[in-house]
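Participant: take a look and give me a structure for this.
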Amino acid sequence: MKRVWKPIAKYKEIISYLFWGIMTTLVSWISYSIFALLLGEQVSSVTILGFHTSTVVMVSNILSWICAVSFAFVTNKLWVFHSKSWEFGVFMPELGKFISARLVTGLLEIILVPLLVAIGLNQTIFEIEGMAAKVAVSVLIVALNYIFSKIFIFKREK
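Facilitator: The predicted model follows:
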């Protein structure tokens, strides 16, 4: 039994991050789907780097990002990196760095999802426009977010 628990204990943080990353991704995908369905009647488009994409994809993606970042901050702070302090001097720097890092990856996502749709990854999943691109970009975003959180945001002083 020790052989089973030893690797789990060794990789507890990564396992926890992946679990909460999957939950955050679900929050992102579900909120994206809800916003895309609610905004589905819109027919206007926006141009990004010379590519035309639907405003539904763009707005739904931005709103889903806000939902996911809010969820991710709390779960990462409490259950992944175990930063339990809510003191202003601890909480505010963490929040500021977290939002800054997520803005970087969020901008990547906001640019890449419509761009991938525009260049041909425009398949729908469960009849949700742009969902194939959303899924593809999510893999990159989860990896980058872990690196930023581990190295820059919730680093433990030794």
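
Participant: give the contact list for the nearest residue to Ser44 once chain neighbours are set aside.
Facilitator: Nearest non-adjacent residue to Ser44, counting by Cβ to Cβ, 6 or more residues apart in numbering: Thr55, 4.8 Å away. Placement of C-beta: from N, CA and C, glycine included. By Cβ atoms under 8 Å, 6 or more residues apart in numbering, the residues touching Thr55 are 39, 42, 44-46.

Participant: filter those down to the buried ones.
Facilitator: Neighbour counting by 16 or more other Cβ atoms under 10 Å classes 39, 45 among the contacts of Thr55 as buried.

Participant: need the worst-confidence member of the contacts of Thr55.
Facilitator: Lowest pLDDT within these is found at Gln42 (69).

Participant: mind putting the contacts of Thr55 into CSV with distance to Ile30?
Facilitator: Putting the contacts of Thr55 into CSV (distance: Cβ to Cβ, whole Å) gives the following:
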residue, distance to Ile30
Leu39, 15
Gln42, 20
Ser44, 24
Ser45, 25
Val46, 23
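
Participant: restricted to strands, list the contacts of Thr55.
Facilitator: Judged by DSSP state E, strands contain the following of these: 45-46.

Participant: closest to Asn76 out of the contacts of Thr55?
Facilitator: Leu39 (28.8 Å; Cβ to Cβ).

Participant: buried stuff in the lengthiest helix in the chain?
Facilitator: Across the chain, the longest stretch assigned as helix under DSSP state H is helix 88-118. Neighbour-count burial for helix 88-118 flags 94, 97-98, 101-102, 105-106, 109-110, 112-118 (criterion: 16+ other Cβ under 10 Å).

Participant: do you know how far Leu103 is from Met23?
Facilitator: According to Cβ to Cβ, to the nearest Å, Leu103 and Met23 sit 21 Å apart.

Participant: any idea how far Leu103 lies from Ile110?
Facilitator: 10 Å.

Participant: now Val27
Facilitator: 16 Å.

Participant: for this protein, which spans come out with low pLDDT?
Facilitator: Along the chain, segments meeting pLDDT under 70 span 1-2, 4, 42-43, 48, 156-158.

Participant: now the helices for it?
Facilitator: 2-10, 12-38, 55-75, 88-118, 131-148.

Participant: need those in a markdown table (columns: distance to Phe154).
Facilitator: Formatted as a markdown table, the helices of the chain follow (distance: least, Cβ to Cβ, whole Å):
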| stretch | distance to Phe154 |
| --- | --- |
| helix 2-10 | 19 |
| helix 12-38 | 10 |
| helix 55-75 | 10 |
| helix 88-118 | 7 |
| helix 131-148 | 10 |
